[in-house]
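# Would you be able to build a 3D model of this:
(one chain, ligands or ions: 1)
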Amino acid sequence: MGSPGNAAPNSEPTPSSAPPPDTAPPRALPTPRTAAGRNGLAALLARPERAVIALDFDGTLADIVPDPEKARAHGGAVAALGRLVPRLKAAAVITGRPATVAVRLGGFDSVPGLDHLTVLGHYGAERWEAATGTVHAPPPHPGIAAIQAELPGVLDASGVWRGTWVETAVERKGGRAIAIHTRRATDPQGAFDQLRGPLAALAERHGLIVEPGRFVLELRPPGMDKGVALADWIHETGAATVLYAGDDLGDLAAFGAVEKLRSEGLTGILVCSGSDEVTELADRADLVVDGPKGVVGLLGTVADHLTES
Ligand SMILES: O=P(O)(O)OC[C@H]1O[C@H](O[C@H]2O[C@H](CO)[C@@H](O)[C@H](O)[C@H]2O)[C@H](O)[C@@H](O)[C@@H]1O
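Next comes the predicted model:
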């Protein structure tokens with residue numbers, strides 16, 4: 001987990017998520033705090049047909065809720081995307097969720113304007129295309145089955161849940177990864193800290209890695225992360241500009257990919273969906289907005305400006 005602290009928005013107050021009436025003037029765009037970010041936003045607005053956006057799901061497009069299955073896209077997110085994405089070269093959601101779970105929770109399927117959306121699930125290992133509705137995924141890592149068998153013993157030995165409701169803490173993720181959530185434990189940070197070592201040892205024994213997130217420790221296959229996934233997808237699209245938005249530690253790899261691509265000539269803007277649970281992204285972002293509400297407001301405002309221009 002990131003160290004606690006307030007990641008205050010560094011932009012103007014964000015507007016409501018509802019689309020503006022047709023007669024309303026475009027809402028004011030925030031000003032990124034870095035020159036690279038200002039260049040990135042200017043390039044997106046000037047040449048949207050050469051620009052792509054890539055967005056994290058939980059904590060960025062969807063508000064954080066205690067039960068992962070109850071997460072949904074923030075109100076107005078799909079509408080804002082539906083107005084913005086047709087103006088762009090391409091759009092992707094890059095998430096730790098299984099791709100089809102993000103599609104279902106986000107309501108991204110069969111949406112006008114999102115008919116060419118790509119969802120890269122499991123940190124980029126899986127791919128869903130709106131155009132075909134198909135998912136491409138590698139075979140499950142054999143270590144997952146072994147961990148399924150050993151996990152109850154490891155959790156029991158930790159004493160974190162004392163057998164009360166440990167099952168609700170385990171997200172099985174289609175048999176391709178296992179996430180252990182501590183948000184609903186009596187002491188979420190204490191449980192997270194207590195479990196981190198034993199889960200890292202369990203993962204290592206079976207050739208997996210631990211991906212830490214917002215009160216979650218995810219055991220998943222190595223070899224892919226959001227940075228690799230994002231860089232590959234940007235190259236594939238041939239984009240000249242990217243806007244990436246994320247909120248959690250798993251998004252740092254994507255931030256790193258954009259920073260590297262910028263050093264090679266791409267223009268880009270890094271947006272942090274701010275929270276008081278993770279501060280690491282705010283430190284590296286060009287723009288910090290107020291959680292999913294702020295992200296949706298930003299997307300809607302960019303869409304307004306592209307519609308007006
Ligand atoms: O890459 P993401 O789209 O951000 O997914 C990362 C993990 O997000 C989910 O967990 C987080 O959101 C939950 C629902 O709001 C919340 O209860 C939990 O505390 C957060 O960590 C998801 O459940 C995981 O599978 C994803 O890997």
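
# contacts and neighbour counts: CA atoms only from here.
Noted.

# Show me where the stretch 101-250 of the chain has its strands.
118-121, 126-129, 134-136, 170-171, 178-181, 209-213, 216-220, 241-246 (DSSP state E, counting those that start in this stretch).

# Kindly reformat these as TSV containing mean neighbour count, distance to the ligand and mean pLDDT.
Formatted as TSV, the strands of the stretch 101-250 of the chain follow (neighbours: other C-alpha atoms under 10 Å; distance: least, C-alpha to the nearest ligand atom, whole Å; pLDDT from 0 to 100):
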stretch	mean neighbour count	distance to the ligand	mean pLDDT
strand 118-121	28	8	98
strand 126-129	22	13	98
strand 134-136	13	17	96
strand 170-171	18	7	94
strand 178-181	22	6	96
strand 209-213	21	5	98
strand 216-220	25	5	98
strand 241-246	27	7	98
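
# With distance to D63 added, can I get the ones you listed in a markdown table?
As requested, the strands of the stretch 101-250 of the chain are exported to a markdown table (distance: least, C-alpha to C-alpha, whole Å):
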| stretch | distance to D63 |
| --- | --- |
| strand 118-121 | 18 |
| strand 126-129 | 22 |
| strand 134-136 | 25 |
| strand 170-171 | 18 |
| strand 178-181 | 16 |
| strand 209-213 | 15 |
| strand 216-220 | 15 |
| strand 241-246 | 12 |
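
# which stretch among the ones you listed comes nearest E49?
For E49, the closest of the strands of the stretch 101-250 of the chain is strand 241-246, at 9.5 Å, according to C-alpha to C-alpha.

# Other residues contacting that closest one?
40-41, 43-44, 50-57, 59-60, 234, 254-255, 258, 266-273, 281, 295 (C-alpha atoms under 8 Å, 6 or more residues apart in numbering).

# With stretch 62-80 instead?
17-19, 57-58, 61, 105-108, 111, 183-184, 291-293, 296, 299-300, 303.

# can you pull the contacts of L299?
So L299 contacts A80, L81, L84 (C-alpha under 8 Å, 6+ apart).

# Can I get the buried part of those residues as one ChimeraX selection?
Command for ChimeraX, covering only those of the contacts of L299 found buried under the criterion 16 or more other C-alpha atoms under 10 Å:
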select :80,81,84
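
# Among the contacts of strand 241-246, which lie within strands?
Counting by DSSP state E, the part of those found in strands is A51, V52, I53, A54, L55, T267, G268, I269, L270, V271, C272, S273.

# and the residues you listed as TSV, adding distance to D115, pLDDT and neighbour count?
Listed next are the ones in strands among the contacts of strand 241-246 as TSV, based on distance: C-alpha to C-alpha, whole Å; pLDDT from 0 to 100; neighbours: other C-alpha atoms under 10 Å:
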residue	distance to D115	pLDDT	neighbour count
A51	17	98	28
V52	15	98	25
I53	15	98	24
A54	15	99	24
L55	16	98	23
T267	25	98	25
G268	24	98	28
I269	24	98	30
L270	25	98	28
V271	24	98	26
C272	26	98	34
S273	25	98	30
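
# The residue of the stretch 101-250 of the chain found nearest the ligand: what's it in contact with?
Residue of the stretch 101-250 of the chain nearest the ligand, by C-alpha to the nearest ligand atom: R214 (4.0 Å). Applying C-alpha under 8 Å, 6+ apart, we find R214 in contact with M1, D248, L249, E277, V278.

# I'd like those residues as a markdown table, with neighbour count appended.
Converted to a markdown table, those look like this (neighbours: other C-alpha atoms under 10 Å):
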| residue | neighbour count |
| --- | --- |
| M1 | 18 |
| D248 | 26 |
| L249 | 18 |
| E277 | 18 |
| V278 | 21 |
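
# Contact residues of the stretch 201-309 of the chain facing the ligand?
Counting by C-alpha under 6 Å from any ligand atom, the stretch 201-309 of the chain comes close to the ligand at G213, R214, F215, V216.
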